[in-house]
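A.B. asks: Sequence first, predicted model second:
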Amino acid sequence: TTPALPTPNPNPDIKVGILKVNWKNKCEGTVQLYFSFNDTSLPVSYRSEEQVSKILKNVCKDRKGCEDESEWLHPGTEAKKCYTIHANGTSIKSKCKTIIRVKCKVYLFLIEELPDFEGQLAACKVVIALLSIVLLVLLLMRFTKPTVMALQKRLSDRRQHHWVGPTQSHSGESHTFIFTDLLLS
């Protein structure tokens with residue numbers, strides 16, 4: 001008989017990580033790898049530059065005040081521990097001499113001159129709220145006045161005040177009011 005081949009593990013431990021740049025200056029920072037299960041992060045080794053640059057290719061473009069071109073830096077950076085990213089996962093390395101930093105070109109224009117999308121969004125919300133209030137007031141004016149008038153008429157019709165003269169009085173008083181409630185259904 002031949003020995004049985006080992007069966008591959010159908011559910012390998014998959015760890016989900018997030019690559020994030022911790023910005024030190026306006027357009028320069030260190031690449032960190034965060035894992036969701038323990039909420040800790042370590043810098044990424046320079047040996048992972050190829051994988052990191054593919055994943056974070058738009059990191060400079062997405063950073064406010066920075067231009068699209070990114071430069072991956074290594075020299076003069078050390079860490080006690082760091083992650084190395086491989087094609088099939090990651091590994092922790094100790095005594096990392098060089099870690100990945102990214103440096104973007106600073107935008108030539110002042111940051112204040114960039115479009116303020118958050119301000120535009122807030123202004124749009126205010127305009128929509130004001131238009132909604134105006135529409136609500138117009139609808140109330142259109143449909144409330146006839147309703148109020150119909151209610152007033154119905155209430156005034158329910159209470160008819162009839163004066164019964166002294167000769168028609170059953171109680172012997174000189175004047176009596178009779179209130180009749182009409183039930184309209």
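C.D. replies: Perfect, I can see it now.
A.B. asks: ok, residues contacting stretch 67-77?
C.D. replies: For stretch 67-77, the surrounding residues in contact (CB atoms under 8 Å, 6 or more residues apart in numbering) are 28, 30, 43, 46, 49, 52-53, 56-61, 98-108. In this view, the C-beta of every residue, glycine as well, is placed from N, C-alpha and C.
A.B. asks: In what element of secondary structure is Leu140 found?
C.D. replies: Per DSSP states H and E, Leu140 falls inside helix 117-158.
A.B. asks: quick one: low-confidence ranges for the protein?
C.D. replies: Within the chain, the stretches with pLDDT under 70 are 1-15, 36-39, 74-76, 98, 109-116, 157-185.
A.B. asks: Which residue ranges make up the domains of it?
C.D. replies: According to automatic domain parsing, the chain comprises the domains 17-113, 117-180.
A.B. asks: what's around the closest residue to Lys95 other than its chain neighbours, how many residues?
C.D. replies: In this structure, Lys95 finds its nearest non-sequential neighbour in Lys80, 6.8 Å apart by CB to CB, 6 or more residues apart in numbering. Residues within reach of Lys80, counting by other CB atoms under 10 Å, total 9.
A.B. asks: Pick the most deeply packed of the domains of the chain.
C.D. replies: For the domains of the chain, the largest average neighbour count (mean count of other CB atoms under 10 Å) is found in domain 17-113, namely a mean of 15.
A.B. asks: ok, the nearest residue to Ala87 once chain neighbours are set aside to Leu130 distance?
C.D. replies: In space, and not counting its chain neighbours, Ala87 is closest to Gln51: 7.6 Å by CB to CB, 6+ apart. Per CB to CB, to the nearest Å, Gln51 is found 50 Å from Leu130.
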